[in-house]
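[1] quick one, fold the following:
(chains A and B)
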Amino acid sequence: MIMGVVMTFFQMMLLGAMAIFFSTFATPVVNFFLSFGIFIVGNMSVVTESLTKNPNPGTRIVAMIVHVLLPNFGNFNIQNKLIHPEVQITNENVFIIQNIVYAIIYSAALLIGAIIVFDRREV
Amino acid sequence: MSNKTRSLLKLALIPLAAAIVALQVSIDPKVAEIHKGEHTALAGISNEFILGPMLGLQQAVAGALWVRADEFFHEGDYDAILPMVRMVTWLDPHQIDVYITGAWHLAYNFTDSNERSDRRYIPAAQKLLEEGVENNPTVYDIPFELGWENADKIKNYERAEYWFRDAASKKGTDQQGRTNQPAPMFVWHQLAHTLEREGKIDECLDIWRKALAMSEEKVKQIKEFKSPEAFQTRNVRDTERHNLMLTLERRFSRYVHEINFDIDKAQTKYIDMKTGEPHPANAYLATSPDDGVPIGTPRPPATAKPWETAFDVRPTFTQPKVLDLKGQFNIADGARVTIRLHDYDWREKQLKEFTFDIDQSQTIMQDQHSVRDGRWGRRIDMSKDPKMYSFTRPYYYLIFEFNPRQTSPFIQDKIGWSGEGMTDKKYLWVDRSVNPPVRIIRKVYRISRDQVMGRRPITEADVIPNAEYARIQAEERAGAKQPG
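    Numbering: from 1, shown residues only, chains lettered A, B, ... in the order given. Have a look, this model is predicted:
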């Protein structure tokens, strides 16, 4: 149970970093829709991942770019594991640690991006 | 911020971006494993549910849809449940109950106006369960259901054995839902019953012995003698011992010396746990001249003298699609004759992919009639259900069958597990497609659509040899491959 909460915390941390990044150059309304839209697409990372195996090369490349560039919020959804304890994740601890590191690094990159953009603005 | 700091920050983004890509590539296979079997089934989900899956809450939406499906069930709107089952298993392929309940619904609940199952849904039910096994390969529940459906509904005991063995090799769950328990004992019990239905008595006895040994071990480990768990474990062990002894005694009675089970109940002190021989021997010693041997000597086996069953039936279509049956069968009351009417090209299909769409042009009717005082048969009205019985083909097979493997134990006490104790001058058929072979009684007609519509009478000239129908069945089996 606690792992689900931890994963959700890091998912929200990543979402927060993304909203901060957008807030440095977008208005609040645009920021809201941009963050929400990316949150939805990022939650459907299973779909973008499956599209990377599409037989069409064009679709494959676009899907690959979207899948790798956008934050994959879907990776943090381990509710299934909580609801169905019989589902076994191979190397569960490694999986959780990888996701936490992913969230920290991605958030760091977004915040650095936010600093760089914000630095150019006149306050 | 100085230019140097800005450049450093920009430079720092490069290794961070590389690390993100590397982590993403490493995480992807594990995510694919967790979401195995899931489909992002956004198309088809009503608006009130669509946001959930988009925000990664598939399981919550699946749960809500399943509640809706339950409402449909109680309203009697059975057709509406099927797309729900499909959607729920796509959104959350680990909801084991949905596979099991969905398959039960498909196999048992679609019926005609006389409660006869629509057997065209059975392949879909089987496929749904097989998909469930694929998505949940470690737990026993779904293979057990496949075994049960094959044993109870389809009467394909070979396939049932395969799935019960599969279930027995998998894990059960504890009270927290963790898969760290062996499969429950009832899985082994059903495997033993299925082996008995297959006529594999030695294997059946082996399973009872194995189950009994496992339960004995569990009883030894009990610490609190008066706990409900202890009572339950002892109860299971006693049932296994009872079933083992009963099967041994039945084998002895049917194939060595016939036992009088009333005397057995009153006088037997113990039985030989290898042969099933009761001690003292009173239960199998002749007590009257009717036993066919001198009084006080062992009776012959119950199946020694096969009795003539004089099986026959006269089918008549009194009105279009209304079949009237008058049958005779010299066997104990309570025996059941299976009646099957199907298209000449009907096959028990195995679906490659699950779909609940069925071929509406197919006709397959199956029923069972009980024997009373040597007679059986009643009216089968198929005219009220044109969707189930469309009769679009030019020819049909009408089969009347008695299989001793499917009958009650008290009848098997007279005819054996494989029909060794019965014969029939006209309609006995030894089915060698199963191992061990079984002697069944079967009469098969090949009739035309005109006859189904009552325009022409059915006569004995329409009866086809059992060998010919066996050849058709062999083709069916070749088309429907066995699992594994």
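
[2] what's the weakest-modelled helix or strand in chain A?
    Scoring the helices and strands of chain A by mean pLDDT, DSSP states H and E places helix A:79-83 at the bottom, with a mean of 64.

[3] that should have said chain B, apologies.
    Every helix and strand in chain B was compared by mean pLDDT, DSSP H and E; the lowest is helix B:47-54, with a mean of 65.

[4] which helix or strand lies directly C-terminal to that helix?
    helix B:58-75 (DSSP states H and E).

[5] helix or strand next in line after that following helix, which one?
    Downstream of helix B:58-75, the first helix or strand assigned by DSSP H and E is helix B:78-91.

[6] list the buried residues for stretch A:53-67?
    Across stretch A:53-67, burial judged by 16 or more other C-beta atoms under 10 Å in any protein chain shown covers A:Ala63, A:Met64, A:Val66, A:His67. For every residue, glycine as well, the C-beta is placed using N, CA and C.

[7] could you check it against chain B for contacts?
    Yes - using C-beta under 8 Å from any C-beta of the partner chain, a contact is recorded between stretch A:53-67 and chain B, made by A:His67.

[8] next up, the contacts around the residue of the stretch 301-450 of chain B found nearest chain A.
    Here the stretch 301-450 of chain B gets closest to chain A at one residue, B:Glu353, 17.2 Å apart by C-beta to the nearest C-beta. Going by C-beta atoms under 8 Å, 6 or more residues apart in numbering or on different chains, B:Glu353 touches B:Lys127.

[9] which of the three states applies to it?
    coil (DSSP: H, G, I helix; E, B strand; the rest coil).

[10] all strands for the stretch 301-450 of chain B, in order.
    For the stretch 301-450 of chain B, strands defined by DSSP state E, counting those that start in this stretch occupy the ranges B:307-308, B:312-319, B:322-328, B:336-343, B:364-370, B:375-376, B:379-381, B:395-402, B:422-423, B:428-431, B:438-448.

[11] quick one on the thing from earlier: next helix or strand past the least confident helix or strand of chain A?
    helix A:92-120.

[12] which other helices and strands contact that next one?
    On a contact count with 3 or more C-beta pairs under 8 Å, 6 or more residues apart in numbering or on different chains; DSSP states H and E, helix A:92-120 meets helix A:2-23, helix B:3-34.

[13] deepest of the ones you listed, which one?
    Comparing the helices and strands packed on helix A:92-120 by mean neighbour count (mean count of other C-beta atoms under 10 Å in any protein chain shown), helix A:2-23 comes out on top with a mean of 18.

[14] what mean pLDDT does the helix or strand following that one get?
    Using DSSP H and E, the next helix or strand after helix A:2-23 towards the C-terminus is helix A:28-43. Summarised as a single mean, pLDDT over helix A:28-43 is 90.

[15] buried stuff in helix A:28-43?
    Neighbour-count burial for helix A:28-43, counted by 16+ other C-beta under 10 Å, picks out A:Asn31, A:Leu34, A:Ser35, A:Ile38, A:Phe39, A:Val41, A:Gly42, A:Asn43.

[16] which is the next helix or strand following that helix?
    Sequence order places helix A:45-51 as the next helix or strand after helix A:28-43, per DSSP H and E.

[17] other residues contacting that next one?
    Residues outside helix A:45-51 that contact it (C-beta under 8 Å, 6+ apart): A:41, A:59-60, A:62-63, A:66-67, A:70, A:72-75, B:28, B:31-32, B:35, B:38, B:40.

[18] quick one: which of those sit in helices?
    In this view, the contacts of helix A:45-51 that belong to helices under DSSP state H are A:Val41, A:Thr59, A:Arg60, A:Val62, A:Ala63, A:Val66, A:His67, B:Asp28, B:Val31, B:Ala32.

[19] now the residues you listed in TSV, with distance to A:Phe118?
    TSV is the format used below for these (distance: C-beta to C-beta, whole Å):
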residue	distance to A:Phe118
A:Val41	25
A:Thr59	36
A:Arg60	36
A:Val62	31
A:Ala63	32
A:Val66	26
A:His67	28
B:Asp28	33
B:Val31	33
B:Ala32	38
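
[20] tell me the one of the buried residues of helix A:28-43 nearest chain B?
    The closest of the buried residues of helix A:28-43, once distances to chain B are taken by C-beta to the nearest C-beta, is A:Asn43, at 4.1 Å.

[21] these two touch, right, that closest one and A:Asn77?
    Yes - A:Asn43 lies in contact with A:Asn77 (C-beta atoms under 8 Å); the separation is 7.1 Å.

[22] thank you kindly, that will do.
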